[in-house]
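>>> model this:
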Amino acid sequence: MFTHVMAVVAVREIDSASDWYERLFDRPADNNPMPSLVEWQVALTAWVQVTVDPDRAGSSQFNVAVDDLESFVDDARSRGIVFGNIVEANKGVRLSTVTDPDGNSITAIGGFREHY
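Model (predicted):
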């Protein structure tokens, strides 16, 4: 059985990417296990790993479910992370997406539930 899940985001350069993700998560990385990898623990057993992989940079994507989508998007904007317009998806779910400087896609989800 799995004990942890890690989303891996490929970037070209770790220092500028780390700065951008610090603003996204509104805090420094939780772990820096090697010079080319930084990690944020985003839930009890879920992590986002940002790692140098120039060949794959820009092809990563991950989603985050948030309690209050408008507040999350506004707070991120105040830190220079500009999510797109909030759009209706389906069954009360709403989405807003941002692209990091390498072209990776992060979508914030409002109205997420485990069962629909």
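
>>> Count the residues that sit near the closest residue to residue 4 other than its chain neighbours.
The shortest distance from residue 4 to any non-neighbouring residue, by CB to CB, 6 or more residues apart in numbering, is to residue 45 (4.6 Å). C-beta here means a position set from N, CA and C on the backbone, and glycine is covered the same way. Neighbourhood size, residue 45 [other CB atoms under 10 Å]: 11.

>>> Can you pull the phi/psi pair for residue 45?
phi -130, psi 30 (degrees, to the nearest 10).

>>> buried stuff in stretch 12-27?
12, 14, 17-18, 20-22, 24-25 (16 or more other CB atoms under 10 Å).

>>> What about those, which are in strands?
Taking DSSP state E, every one of the buried residues of stretch 12-27 sits outside strands.

>>> In helices, which of these appear?
Counting by DSSP state H, these place 14, 17-18, 20-22, 24-25 in helices.

>>> correct me, but residue 12 touches residue 51?
No. Contact criterion CB atoms under 8 Å: residue 12 and residue 51 do not qualify, at 10.8 Å.

>>> Residues that sit against both of these two, list them.
When contacts are counted by CB atoms under 8 Å, 6 or more residues apart in numbering, the set common to residue 12 and residue 51 is empty.

>>> Give me the secondary structure label for residue 7.
What DSSP: H, G, I helix; E, B strand; the rest coil gives for residue 7 is strand.

>>> excluding its backbone neighbours, what's nearest it?
residue 62 (4.1 Å).

>>> The one you found: neighbour count?
14.
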